[in-house]
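Q: what follows is a predicted protein model with its sequence.
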Amino acid sequence: CGINQDKLEEELKKMGKVDFVGRNFGVYKLWVERKFEQENIQKDKFSQEEIDIALPRVEKSKGTGKRNDFEIEVDSRYKIEEDLARRDLTINAMAYDIITGEVIDSFGGLKDLQNRRIKTVGNPEDRFKEEVLLRIGDAYFNINDIDNADFSYKKALSYNKNNIGILLRMVNLYYKKGSFQEAFQCIEDALKINPDFYDLYFYEGELYYSLNKFEKAKCSYIKSMLSSTGKKEKRYKLALCYYKLKEYEQAIGELRKNGDDIQSLQLLCDIYSMDSRNEELERLLKKIIYLDKENHLNYFNLGLFYERTGKKKKALEYYQRSIDLNDKDPQILFYFGTFLLNSGKINEAKEFLQRAGEISPQTPEIWNNLAVANIKQGNYQQAIGAFEKMLAINPSDNTVKRRIASLYAKIGDLSNAERYLMMTKEQ
């Protein structure tokens, strides 16, 4: 059944120095001390033996079309024969079983090596056609030419029907196309090739989740946990299903296993906010800031919490810190301006609301609050200007027309007041 990555790393550390640079690819370098017959030999870099250790893996396209397009899926349960079948050349498609002493050579690589012959695994034309077609398919996928990408992937698959990497590309393609039945069929076909490739259930879960079938998505994510790779992401997605199904305690249990993973902590905050667990929520919000000090939204969220719990002084502090980090976010400027408005700091509120409106002029709430601020100061003409910007966004809003009419009436402009009232009757 293989050994998972965590266990492998634990055992390798006992043997010598380990280089984890290739961990995401399931590849490790181990240095162990060589044994010399003469004990007085001085040890240097040549006294260590370098050993490469690699877990079986498959590639999955991210659909970017770039040179480093591939994500690596490591799975210790992947059969050695299937792993070797991925190799381009027979001399690179051999393995040695250190327990039995058997050479696993399904493609005649040893004989080719002895004869100094370079030969592909399978038909060379098919092998290279497959690679070219995959690249062409990726290029089409990257420019959203879904039909041609589909054709290229299917043609590549015709040369190697057991290539799970192609099937995973097609899952992504059909997901993007909205052809979920075909995407599910690709996953089913891949599972027939390797029933122990449990990460396939993660993709199945993603499909069910996008269809709002959270119970089925939950079951798929649970199955995917049988694989040792990507545990944090799987737990997070499983917790999302529990959250959608209102099974909050189960969601909390999964999220807590993810430790300091920020997206997991943020979902925990949402759950605690719903349950009014204010002490735990405050602690988590502060922890997120500690883990990610440069993200202005983290300070904003803590400010929101303090505003909601009536701690206005602290809310003001964290809103200001958020803006100090990013004074171009219209949402933050709007919320801060509204907070100042509700706190009676009208001039400051107008400044931030005006800045928010300049950055995001199509947000009606900004102009509404700016109009309210001007009304509080008796600046009816400026309030009319703000309401008119609101009306430009939604010309059919009769409530805004009545407000404008009311303000014109206040300043004695009855002609314009009547004009806006008549506009409400025209629709």
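A: That came through fine. Residues are numbered from 1 along each chain as shown.
Q: when you work out contacts or count neighbours from here on, use the C-alpha atoms and nothing else.
A: Noted.
Q: pretty sure S264 contacts N258?
A: Yes. With contact defined as CA atoms under 8 Å, S264 reaches N258; the gap is 6.7 Å.
Q: who has more neighbours out of these two?
A: Ranked by neighbour count (other CA atoms under 10 Å), S264 and N258 place S264 first, with 24 against 18.
Q: skipping its backbone neighbours, what lies nearest that one in space?
A: Residue nearest to S264 in three dimensions, not counting chain neighbours: L255, with 5.4 Å by CA to CA, 6 or more residues apart in numbering.
Q: contact partners of the helix or strand where that neighbour lies?
A: Using DSSP states H and E, L255 sits in helix 248-256. Applying CA atoms under 8 Å, 6 or more residues apart in numbering, the external contacts of helix 248-256 come out as 235-236, 238-243, 264-265, 267-268, 271.
Q: where do the helices sit along the stretch 201-350 of the chain?
A: Secondary structure of the stretch 201-350 of the chain by DSSP state H, counting those that start in this stretch: the helices cover 214-224, 231-244, 248-256, 262-274, 278-291, 296-308, 312-325, 330-342, 346-359.
Q: mind giving me the packing neighbours of the fourth one?
A: Going back to what we said before, that points to helix 262-274. helix 231-244, helix 248-256, helix 278-291 (3 or more CA pairs under 8 Å, 6 or more residues apart in numbering; DSSP states H and E).
Q: before we move on, back to that, can you list residues touching both of S264 and N258?
A: With contacts taken as CA under 8 Å, 6+ apart, the residues that reach both S264 and N258 are Y236.
Q: might you list the low-confidence residue ranges for the stretch 1-150 of the chain?
A: Counting by pLDDT under 70, the stretch 1-150 of the chain shows low-confidence ranges at 1-4, 19-26, 33-49, 57-78, 126.
Q: return the distance of L30 relative to K14.
A: Distance of L30 to K14, computed by CA to CA, to the nearest Å: 10 Å.
Q: and the gap between the residue most central in space within the chain and D199?
A: Centroid-nearest residue in the chain: E233, 8.6 Å away (criterion: CA atoms, centre = their mean). E233 is 12 Å from D199, where distance means CA to CA.
Q: still on that earlier bit, so which of the helices and strands packed on helix 262-274 is nearest Y208?
A: helix 231-244 (10.2 Å; CA to CA).
Q: mind listing what's buried in that closest one?
A: Going by neighbour count (16 or more other CA atoms under 10 Å), the buried part of helix 231-244 is 232-244.
Q: kindly report the same for stretch 131-140.
A: In stretch 131-140, counting by 16+ other CA under 10 Å, buried: 133-140.
Q: wait, which of the residues you listed is closest to D105?
A: L134 (26.7 Å).
Q: residues in contact with that closest one?
A: Listed by CA under 8 Å, 6+ apart, the contact set of L134 reads 152-153, 156, 166.
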